[in-house]
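Novice: Kindly generate the corresponding structure for this input.
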Amino acid sequence: MKTIIVVGNGMVGYKFCEKFVAQSNNEEFKIIVFGEEPRPAYDRVHLSEFFENQDAKALEMAPAEWYKENGIDLVIDERVSDIQRETKTIITAKNRVLNYDYLVLATGSSAFVPPIKGVEKKGVFVYRTIEDLEGMLAYAAKLKEANPKARAAVLGGGLLGLEAGKAVMDMGLEPHIVEFAPKLMPRQLDARSSKVLQLKLESIGLNIHLSKATNQILGEDSITGMEFGEDDVLDVEMLVVSAGIRPRDELGKTSGLEMGVRGGIIVNNKMQTSDENIFAIGEVALYNQMIYGLVAPGYDMAGVAVNQILGNSEELMPADIDMSTKLKLIGVDVASFGEPFMPASKGHSVIFENKTQHLYKRINVSLDGKSLLGGILVGDASDYNMLHQVYLNGMAIPEDAAQLILPATEGGAFGSALDLPDEAQICSCENVSKGQICGAIKDGSCEDLAGVISSTKASTSCGGCKPMVTDLVNETLKSLGKTVKNVICEHFEYSRQELFGIIKAKKLTSYNEVLDTCGTGHGCETCKPLVSSIFASLYNVTPNKEDVTQDTNDKFLANIQRNGTYSVVPRIAGGEITPEGLIVLGQIGSKYNLYTKITGGARIDFFGAQLNDLPAIWKELIDAGFESGHAYGKSLRTVKSCVGSTWCRYGLDESVSFAIELENRYKGLRSPHKIKGGVSGCIRECAEARGKDFGVIAVEGGWNLYVGGNGGATPRHAQLLAEQIDNETVIKYLDRYLMYYIQTAAPLMRTAAWLDKLEGGIEQLKKIVIDDSLNIVSDLEHEMQFLVDAYECEWKQAVESEEIKKRFSHFVNSDDRDDNLVFVPLRDQKMPEHWKN
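Specialist: Predicted structure coming up:
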């Protein structure tokens, strides 16, 4: 048999093995793999997930048994130290000598450590391997024991540097990102998108230092700081170096292979080095005078090397490598494709920017406006896959190219994913086309998304193509007349309605219980808040119970604003307030210097509150008889009212009293999306009740009840559910309607969209709510009453708990305030300073 020795058991070395054993004509070959780390190949793309549970096994590409089952000899914890090309042998650091017929160098890269004085001190780490992370965790634990307010810096503001910044946060240290360039991610982002990313990262606690050249590392044996220049020092007790990579090409140099001027082993389009029996793949290979640091080109290189060794000589590496990428950095979508930076002489740029939402979208189009050339997305990369396909396949774009990135309109700008050509590459990591994905469904070999992923391996690496793979599978199933099941995310193979039912039936009460019972993996930012919302809808537990699974607004019980401060909105049921109550609000607004405004929901909103001040503000409000207005939650916001028959000569009933009763009944009610109500005292409709999720209008003989309306970007009039009913019946029908919506709606679906999608529409809803066609109304009423009785003010919980109050600190390890906040005058109040472009 011929022997193939693979040097390096990283992701690309493993992929070579996987692709090799998948070939049918591999019987005459034996593979031996050497890895110098003490474990089999693991997923470096998701290395930061190690901080969640310190479970190295969860990152494994395949267990050691897989190699044995496939006839591969895996040697770990042993470095290959030399290559003797004349005798076609390798020598290991343990002085073992082995012969090869073909040698595959997949040694990857190492972290580049700049030659900074003092970089050898204790407390300086690189961010590359699991062993690096274990060392960081142990050192951070010692630091926090000695100083709970310890600080750590990351040298490098690129992709890995920002991941390392998240790791520093997860370890409970105050994080600082130090970048030599004047912007973050200088290779992927333009100045404006980088600024939007910076603002978002700063809002969640990262401290960013740009245009900083580190002169030396301060301290005796251990690091105490970083010096950038005279009187420019950053005090830190730990440093993570993530300043780029260097190819591990020392074996190429010592064996006399042709090398690049700046490193890397030169290869041709067959992945052969200057020695035809030695191949180089991944980050050690210099192809087209480039080192490719993404996993997708490395996987392609592995596939080409496999085919060349097996005699499939027509399989070559393409001349042009697509460096498009999409990733999630500390919960923030970032993507770039094609030519992200483009001179004006080549085309035009279309830019959409919304700094209040930390969104930036840029596309570059040809001078004739007919072709998409590239783009950048920050904050929302949901359209990345389709934009990427339009670019790759030269598909036509709308006459007004801005439609591609403007907020979604009815029908969207892209059409169906099935419109893509069959040869369109959907998964670049595994080189899977649209035709392969759809064909797996059409030929009957796969019946669902899980089957397609298992069969084609699409989306199993970085996961960036998962939304498009899902769309293609769903659209193909629909085209074949099959039912499509919409699941929550990769961790739960259920819809929200199904998961709601499981949690309810099994009486599960914590996120980990749900994950262990009916989920997989560790969860994500999609399923964690959703499960928390279900708990709230079932048990009326507040976000204080499991704050780590909440989104930012629910975690801090307030809406975060564009400069990192928060708004505070106390409940003013029905819009009714006493003069004494108004005076208290005025005093609080004045004391904490808050911008104050009356909202569209007829209550008072305070803006500009610092995180540290929130519990103190809430305490003063609670002492004066106020409570949370839940303006931050997917819950009941307000029940707006006119003055009704109390004062108005046209009023037919007491709309204020009824609005107060309804708002106090449903306050704190968590739901798939926010809920608003309105009560008008006559058909003149001064409370705009028909523009709400539920609206009650006084008429001769009682109240008319309307449901399923909303304002916002897509206004909808509510539809008549029942007419001329009394107060008690309104509440009974509302209990049933709201509980049915809460139990059956998809995540983030307003009542209007839910009612549109309900088969049979308003007539079916009448049968369910009024006629009890499903025989469930007594259950719905009972469940609603349980939620009403279980209500607690979450602000009050926070104020009364010293443990919860610890959450409300701008810095994780210090009570210091954010001294970067800048306000400017606005009439007789203040506002955040405008961002500088």
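Novice: rest of the way, CA atoms for contacts and neighbours
Specialist: Will do.
Novice: Do you have the helices of the stretch 451-600 of the chain handy? List them.
Specialist: Using DSSP state H, counting those that start in this stretch, the helices assigned to the stretch 451-600 of the chain run over residues 466-479, 496-506, 511-518, 527-539, 552-555, 579-591.
Novice: most packed of these?
Specialist: helix 527-539 (a mean of 23; mean count of other Cα atoms under 10 Å).
Novice: re the thing from before, I'd like the helices of the stretch 451-600 of the chain written out as JSON lines, with mean pLDDT and distance to Gly161 added.
Specialist: Formatted as JSON lines, these follow (pLDDT from 0 to 100; distance: least, Cα to Cα, whole Å):
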{"stretch": "helix 466-479", "mean pLDDT": "87", "distance to Gly161": "25"}
{"stretch": "helix 496-506", "mean pLDDT": "93", "distance to Gly161": "35"}
{"stretch": "helix 511-518", "mean pLDDT": "93", "distance to Gly161": "30"}
{"stretch": "helix 527-539", "mean pLDDT": "93", "distance to Gly161": "26"}
{"stretch": "helix 552-555", "mean pLDDT": "88", "distance to Gly161": "23"}
{"stretch": "helix 579-591", "mean pLDDT": "95", "distance to Gly161": "40"}
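Novice: Mind checking the ones you listed for the one nearest to Glu781?
Specialist: When the helices of the stretch 451-600 of the chain are compared by Cα to Cα, helix 527-539 sits nearest Glu781, at 12.9 Å.
Novice: now what about the closest one, what contacts it?
Specialist: Contact with helix 527-539 is made by 488-489, 491-492, 496, 500, 504, 509, 511, 541-543, 546, 549-551, 669-672, 742, 747, 783, 786-787, 790, as judged by Cα atoms under 8 Å, 6 or more residues apart in numbering.
Novice: Let's see that with 7 Å instead.
Specialist: 488-489, 500, 509, 511, 541-542, 549-551, 669-671, 787 (Cα atoms under 7 Å, 6 or more residues apart in numbering).
Novice: can you give me how far it is from the chain middle?
Specialist: Mean-position distance between helix 527-539 and its chain equals 18 Å (Cα atoms, centre = their mean, to the nearest Å).
Novice: Over to stretch 55-65?
Specialist: 24 Å.
Novice: can you check stretch 369-381 too?
Specialist: With Cα atoms, centre = their mean, you get 19 Å for stretch 369-381.
Novice: got it, and stretch 336-346?
Specialist: 26 Å.
Novice: Would you point out which residue is most central in this structure?
Specialist: Closest to where the C-alpha atoms of the chain average out (Cα atoms, centre = their mean) is Gly331, at 3.8 Å.
Novice: returning to what we had before: just flag the most distant two among the contacts of helix 527-539.
Specialist: Cys489 and Leu787 (27.4 Å).
Novice: more neighbours, the two?
Specialist: Each of Cys489 and Leu787 has its neighbours counted (other Cα atoms under 10 Å); Leu787 has more, 22 against 17.
Novice: what about that one, helix or strand, and which?
Specialist: Element membership of Leu787 [criterion: DSSP states H and E] is helix 777-789.
Novice: List the buried residues for whichever helix or strand comes after that helix?
Specialist: Following helix 777-789 in sequence order, the next helix or strand is helix 794-800 (DSSP H and E). When burial is assessed from 16 or more other Cα atoms under 10 Å, helix 794-800 yields the following buried residues: Glu794, Trp795, Lys796, Ala798, Val799.
Novice: now what about the very next helix or strand once past helix 794-800, what contacts it?
Specialist: As assigned by DSSP H and E, the chain's next helix or strand after helix 794-800 is helix 802-805. Contacts to helix 802-805, defined as Cα under 7 Å, 6+ apart, come from residues Pro615, Ala798, Val799.
Novice: so how far is Val584 from the last one?
Specialist: Applying Cα to Cα, to the nearest Å, one obtains 18 Å for the distance of Val799 from Val584.
Novice: what do you get for the second one?
Specialist: Going from Ala798 to Val584 by Cα to Cα gives 21 Å.
Novice: Then Val378?
Specialist: 41 Å.
Novice: Please apply the same query to Tyr100.
Specialist: Tyr100 is 83 Å from Val584, where distance means Cα to Cα.
Novice: Check Glu493 too.
Specialist: Distance from Glu493 to Val584, by Cα to Cα: 50 Å.
Novice: Now do stretch 596-606: everything it contacts.
Specialist: With Cα under 7 Å, 6+ apart, stretch 596-606 has contacts from Ser567, Val568, Val569, Ile572, Gly575, Gly589, Leu594, Tyr595, Phe607, Thr638, Lys640.
Novice: ditto for stretch 546-556
Specialist: Under Cα under 7 Å, 6+ apart, the answer for stretch 546-556 is Lys528, Pro529, Ser532, Pro543, Asn559, Ile560, Tyr632, Gly633.
Novice: Closest one to Thr476 out of these, please.
Specialist: Relative to Thr476, and with distances defined as Cα to Cα, the nearest of those is Lys528, at 29.4 Å.
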